[in-house]
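Asks: Could you look at this predicted model? Sequence included:
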Amino acid sequence: MAEFRMPSLGADMDAGTLVEWLKKPGDRVSRGDIIAEVETEKGIIEVEVFTSGVVERFLVEPGTKVPVGTALAILQEDGATPAAPAPSAAPAPAPSRTDAAPVPVPPTPAPAKPEAPPRISPAARKRAAELGVDPASVAGTGPGGAVTLEDVEGAVPRAPEDARSRMRHAIAAAMARSKREIPHYYVNHTVDVTPLLSWIERFNEAAQVPDRIIPGVAFLKSVALALREFPAFNGFWMDGRATPSSGIHVGAAVALRGGGLVAPAIRDTDRLSLVELMHAFRDLVARARASGLRSSEMSDPTITVTSLGDRGTESVLGVIYPPQLAIVGFGRILLRPWVVDGAVAPRSVVHLSLAADHRATDGHEGALFLARIAENLEKPEAL
Amino acid sequence: MTREEIRTLVLRTFARIAPEADLATLDPKADVREALDVDSMDLNQFVLAIHDALGVDIPERELPKFFTVDGAVRELEARLSKEK
Amino acid sequence: MTFREAAKRAIRTAMKRDSRVFLMGEDVGRYGGSYAVSKGLLEEFGPERIVDTPLSESGFVGAGIGSAIGGLRPIVEVMTVNFSLLALDQIVNTAATLRHMSGGQIGVPVVIRMATGAGRQLGAQHSHSLEGWYAHVPGLKVLTPSVPQDAHAMILAALREPDPVLIFEHQLLYNVEADVDEAAPVDGVWHAAIRRPGERVTLIAYGGSVGKTLLAADALARDGIDAEVLDLRSLRPLDVPAIVRSVERTHRAVVVDEGWLTGSFAAEVSARIMEGAFYSLDAPVARVCSAEVPIPYAKHLEDAALPSAERIASAAKGLLAHG
């Protein structure tokens, strides 16, 4: 049994429309026969079959557009039935039964044996996933031609040496994968954080020195709380679908001195008080800058928040860290003319952005999510 | 605590926050937020470190006085002598 | 000092330190031990504490177990692991089980030493490596010294245990010489030791195989392959974390074991690597074991049947093979 699939007729082809079947169920086909016509952006193309055998049934009706790789028909392969003679130079064995329809042996090579899957060592497979490399595309040099760790690392241009360039490299791989695979959409909003800032000022006046908080912590919490109502933005895109996470672990992007950044998770962000969050965040920043992060902290985040702090620019549009579903950006807090109760007044405002995976969510939902974050910031006492 | 000891403490605290900076060439009148690329989290850590080392509580609204090394030394000296 | 001397000194130290300790076994007294480990001890401690026994493994191992239950600290010497099969019932059904079957009331603090392994043309029934069988049995502890220091430390460590400990001394090791610190702490013997640090492949061995594994590592180094040699030291309990840590670093492992390939202790180690370090493996785990024949008498056949430095090195190269 073999499947005839929608072929890829060029690297840029993602899908094709089946125009017409040129065979019918029960017909014999030989490797190289034209079995169907498929319409692509380049026009109508005749499609060959790569299996010799009998057409068993069609799976897709003419006029249907399907992605590359979709099974279009089922063929009964030669060789799958015991009596089918294999084309061979060796003397044919005595037939065990008389075949009613002897198959004319074409002077073509035997049906291509299905390719053995490439041998990839477990370590190589794991590293390839980390680097965003397709291990099957790497030439193997290990025992029996297996793809090894070294092969995978060698497939990435110039294996970096020191920690800094390794990090640059990891960022490059993750961000390139993000922009290659994730269809981002963006929504933006500006929120008046004057009440938040004065609330923090009052809070800090009463707090012990170690318990004083910074606005960045309120930003993290506002996102975490909004995620409770918008779980579609919290989790991962895996195996072709969104997999929401039950826990809310916000990854806080931390810029490192001298370049690079990391976005380690603060576990259960939504359940921490602002002071607990401040302690966790401060500890995380200190350890991130001293390269003392735990691997789980790096892999745990279910969403990322990037905040430019008080030394950045007005706004930031993030790039989603795969396989996460979204990233929320906070610009620098700025004093701006703002309309309050019908009059223009100087207010502290911050620009929010959401970049989200369009495979998982749509803009309308994204806008509601961002608005919810803004509302949370306008009611700081609820944080 | 002498002024020099306070200055050493302030510089050492900033050195921990910005380990890559050459503090020998830091202008003591320069705004550290610019000169050392110090953000609000760094300043929070500075306040906490000073509190741990000297027991001095720097209120948030006074924080701008600490944005230069000279300013920080002057303020801490004043606060420590007041306590005596 | 030699491996033999190190073992003897440990026995002597233990006997001086603790009057409950005594040695029993075939020819341990007047003959001085089949491998001359106890030579001179009869004169020093007398026939009450250096006890020659009849040729009955089941009988004297059973007597040792009984005296351990009764409060003594016997060291029982069995000539070779091959003969210990006659005492298998005593060791596996009695010594290993009694603490469990008595609900913890009765312990059996017996130490049983025996020679193991091949290489001296002693014929099949004196040359097998069956320590892996004993390592299968819960209730026993199994130690395999590879150097004089461990020959010394393992006897002292075993005597501290409240339960039966088996020590397998490879018969080719008795003449090996190295410095021994008799005052060194002995607790470390329950953990695997890195005998040579390396980066590219972990060679895992124990007892008599450690020496040839180190030779293999030297040969590999000459070919530019930096191999790590991990000496298991204790087969039960097995130091799995040490194995996993090493393989996580090197991504490749060769397990060397003088037992036969099928059902070998090397198979257990290999399975542990699979369970604990699968995603770090860059090549299948390789094993170098004895050929599946009773160990032959003829020199060239015996050599061919046993793991050798060449076979170990070539297995390691196979894991790194390019092409």
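Replies: It's in.

Asks: Contacts for stretch C:304-311, please.
Replies: Stretch C:304-311 has contacts (CB atoms under 8 Å, 6 or more residues apart in numbering or on different chains) with C:118-119, C:209, C:212-213, C:215-216, C:219, C:256-258, C:288-291, C:293, C:295-296. C-betas here are computed from N, CA, C, even on glycine.

Asks: Now, the residues you listed that are in helices?
Replies: C:Ser209, C:Lys212, C:Thr213, C:Leu215, C:Ala216, C:Ala219 (DSSP state H).

Asks: out of these, which are buried?
Replies: For the ones in helices among the contacts of stretch C:304-311, a burial check counting by 16 or more other CB atoms under 10 Å in any protein chain shown picks out C:Ser209, C:Lys212, C:Thr213, C:Leu215, C:Ala216, C:Ala219.

Asks: Make CSV out of the residues you listed and add pLDDT and distance to C:Glu169.
Replies: Shown next, in CSV, are those (pLDDT from 0 to 100; distance: CB to CB, whole Å):
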residue, pLDDT, distance to C:Glu169
C:Ser209, 97, 13
C:Lys212, 97, 16
C:Thr213, 98, 17
C:Leu215, 97, 20
C:Ala216, 97, 22
C:Ala219, 96, 26
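
Asks: Now tabulate those residues in CSV and tack on distance to chain B.
Replies: Listed next are these as CSV, based on distance: CB to the nearest CB, whole Å:
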residue, distance to chain B
C:Ser209, 49
C:Lys212, 50
C:Thr213, 45
C:Leu215, 47
C:Ala216, 45
C:Ala219, 46
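
Asks: JSON lines please, covering those residues and showing distance to C:Leu156.
Replies: Formatted as JSON lines, these follow (distance: CB to CB, whole Å):
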{"residue": "C:Ser209", "distance to C:Leu156": "24"}
{"residue": "C:Lys212", "distance to C:Leu156": "27"}
{"residue": "C:Thr213", "distance to C:Leu156": "25"}
{"residue": "C:Leu215", "distance to C:Leu156": "29"}
{"residue": "C:Ala216", "distance to C:Leu156": "30"}
{"residue": "C:Ala219", "distance to C:Leu156": "35"}
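
Asks: which two from those end up farthest apart in space?
Replies: C:Ser209 and C:Ala219 (15.1 Å; CB to CB).

Asks: what separates the residue of chain C found nearest chain B from C:Pro197, distance-wise?
Replies: Relative to chain B, the nearest point of chain C is C:Arg249 (29.1 Å; CB to the nearest CB). Distance, C:Arg249 to C:Pro197, by CB to CB, to the nearest Å: 9 Å.

Asks: can you check B:Gln45 too?
Replies: For B:Gln45, the distance to C:Pro197 - CB to CB - is 39 Å.

Asks: Look at those two and report which has more neighbours.
Replies: B:Gln45 (18 against 12; other CB atoms under 10 Å in any protein chain shown).

Asks: my guess is that one contacts A:Asp283, does it?
Replies: No: applying CB atoms under 8 Å, one finds B:Gln45 not in contact with A:Asp283, separated by 10.6 Å.

Asks: hmm, back to that, out of the buried ones among the ones in helices among the contacts of stretch C:304-311, which comes closest to A:Arg212?
Replies: For those, the nearest to A:Arg212 is C:Thr213 (59.5 Å; CB to CB).

Asks: so what's the closest one closest to, chain neighbours aside?
Replies: Spatially, and ignoring its direct neighbours in sequence, C:Thr213 is nearest to C:Ala205 (4.1 Å; CB to CB, 6 or more residues apart in numbering or on different chains).

Asks: if we can go back for a sec, right, and out of the buried ones among the ones in helices among the contacts of stretch C:304-311, which lies closest to chain A?
Replies: Distances from chain A to those, taken by CB to the nearest CB, are shortest for C:Ala216, at 17.8 Å.

Asks: Enumerate every residue touching that closest one.
Replies: C:Leu203, C:Ala227, C:Ala309, C:Glu310, C:Ile312, C:Ala313, C:Ala316.

Asks: Can you tell me how far B:Asp31 is from A:Arg166?
Replies: In terms of CB to CB, B:Asp31 sits 34 Å off from A:Arg166.

Asks: Repeat that for A:Val305.
Replies: In terms of CB to CB, A:Val305 sits 24 Å off from A:Arg166.

Asks: So which of those two has more stuff around it?
Replies: A:Val305 (25 against 13).

Asks: wait, isn't that one in contact with A:Ala253?
Replies: Yes: with contact defined as CB under 8 Å, A:Val305 counts as touching A:Ala253 (6.7 Å).

Asks: Tell me the buried residues in the helix or strand hosting A:Leu335?
Replies: Per DSSP states H and E, A:Leu335 falls inside strand A:334-340. The neighbour-count check on strand A:334-340 (16+ other CB under 10 Å) flags A:Leu334, A:Arg336 as buried.

Asks: Burial check on the nearest residue to C:Ala221 once chain neighbours are set aside, number of neighbours?
Replies: The shortest distance from C:Ala221 to any non-neighbouring residue, by CB to CB, 6+ apart, is to C:Ala227 (7.2 Å). By the criterion of other CB under 10 Å, C:Ala227 has 27 neighbours.

Asks: any idea where the helices of the chain begin and end?
Replies: All of this is about chain A. Going by DSSP H, chain A shows helices at A:122-131, A:149-155, A:163-181, A:194-206, A:215-229, A:274-289, A:295-299, A:363-378.

Asks: not quite, I wanted chain B
Replies: Using DSSP H, helices in chain B cover B:3-17, B:32-35, B:40-54, B:69-83.

Asks: how about the shortest one: buried residues?
Replies: The one in question is helix B:32-35. For helix B:32-35, by 16+ other CB under 10 Å, it's B:Val32, B:Arg33, B:Ala35.

Asks: contacting residues for residue 1?
Replies: Answering for chain A, as no chain was given. A:Glu56, A:Ile74, A:Leu75, A:Gln76, A:Glu77, A:Ala80.

Asks: Please refer instead to chain C.
Replies: C:Arg9, C:Pro148, C:Glu177, C:Ala178, C:Asp179, C:Val180.

Asks: Okay, and which of these map to helices?
Replies: C:Arg9, C:Pro148.

Asks: Using ChimeraX, make a named selection holding only the buried ones among the contacts of C:Met1.
Replies: Here is the ChimeraX command that selects the buried residues among the contacts of C:Met1 (16+ other CB under 10 Å):
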select /C:9,148,180
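
Asks: from the contacts of C:Met1, which is closest to chain A?
Replies: Among the contacts of C:Met1, and counting by CB to the nearest CB, the member closest to chain A is C:Ala178, at 35.9 Å.

Asks: So that closest one is in contact with C:Pro148, correct?
Replies: Yes: counting by CB under 8 Å, C:Pro148 is a contact partner of C:Ala178 at 4.7 Å.

Asks: Quick check: A:Asp357 touching A:Lys179?
Replies: No: judged on CB under 8 Å, A:Asp357 makes no contact with A:Lys179 at a distance of 11.9 Å.

Asks: Chain B contacts on the stretch 201-350 of chain A?
Replies: A:201, A:204-205, A:209-210, A:212, A:214-216, A:257-258, A:281-282, A:285-286, A:309-311 (CB under 8 Å from any CB of the partner chain).

Asks: Show me what from chain B comes close to chain A.
Replies: B:18-20, B:33, B:37, B:39-41, B:44-45, B:47-48, B:51, B:57-61.

Asks: Which of those are buried? Put it as a PyMOL command.
Replies: Remark: buried members of those, expressed as a PyMOL selection using 16+ other CB under 10 Å:
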select buried, chain B and resi 18+33+37+39+40+41+44+45+47+48+51+58+60
